[in-house]
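Student: Could you work out the structure for the sequence below:
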Amino acid sequence: MNRWGRCGDEGMIGVLSRGEAELLWSHADGLVLLAERWLARCRWVDGSTRGSGRLVADEAVNDERITAIVREHVPAGAADWEISWWAPVHLAETAEAARRVLHTLPESGGVVLLETAQDVDAWCRLIGDVLAALHPCGDCCEDGHTSAQTWLESLLGPLLVGVTAL
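Tutor: Okay, the predicted model is just below:
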């Protein structure tokens, strides 16, 4: 699908085929599961003030998909320890965005209504994270693209334009 249109002040509207919706559903659900499984191995460390604290990884990130997702959200050249430090934060945000997408995604295709800027942001986040997780090294094939990557990029491009126009 390459057609997105503006809907109201903050939203976007588009149409997905059954196959496209099922593929995106699978990717979103997969990211939620990946994040939840990894986050379940983290522990909460209380902060110095009441109610403060942080989720901390007890071990380095050793999943290249997770590393690739986190690298999308930290400064370029971040060290491995920084990836492990930020992984709980960014994976929780990835899972939250994926859940939001699942609430706006028709299971069998049809009209997609993204009513708020937060919905559009969630779709952009999900698609970007799926692209990162699909090809963590960036060299998936000879020409650097697969049909899934090209399709996801075609979904993302108009959404990014819509976000900047809001």
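Student: The residue nearest the centre of the chain and residue 91, how far apart?
Tutor: With distances taken as CA atoms, centre = their mean, the residue of the chain nearest its centroid is residue 126 (2.5 Å). Applying CB to CB, to the nearest Å, the value for residue 126 to residue 91 is 13 Å. (C-beta placed from N, C-alpha, C; glycine too.)
Student: try residue 21
Tutor: Residue 21 sits at a distance of 24 Å from residue 91 (criterion: CB to CB).
Student: More neighbours: which of the two?
Tutor: Set side by side, residue 21 and residue 91 show more neighbours around residue 91, with 26 against 19, by other CB atoms under 10 Å.
Student: Once you drop chain neighbours, what's closest to the more buried one?
Tutor: residue 35 (4.2 Å; CB to CB, 6 or more residues apart in numbering).
Student: Give me the pLDDT value at residue 115.
Tutor: On the pLDDT scale, residue 115 is placed at 94.
Student: Please name the residues that touch it.
Tutor: Applying CB atoms under 8 Å, 6 or more residues apart in numbering, we find residue 115 in contact with 7, 8, 10, 11.
Student: Torsion angles phi and psi at the residue lying closest to the second one once chain neighbours are set aside?
Tutor: Translated: residue 8. In space, and not counting its chain neighbours, residue 8 is closest to residue 115: 7.0 Å by CB to CB, 6+ apart. Per-residue torsions, residue 115: phi -80, psi -30 (degrees, to the nearest 10).
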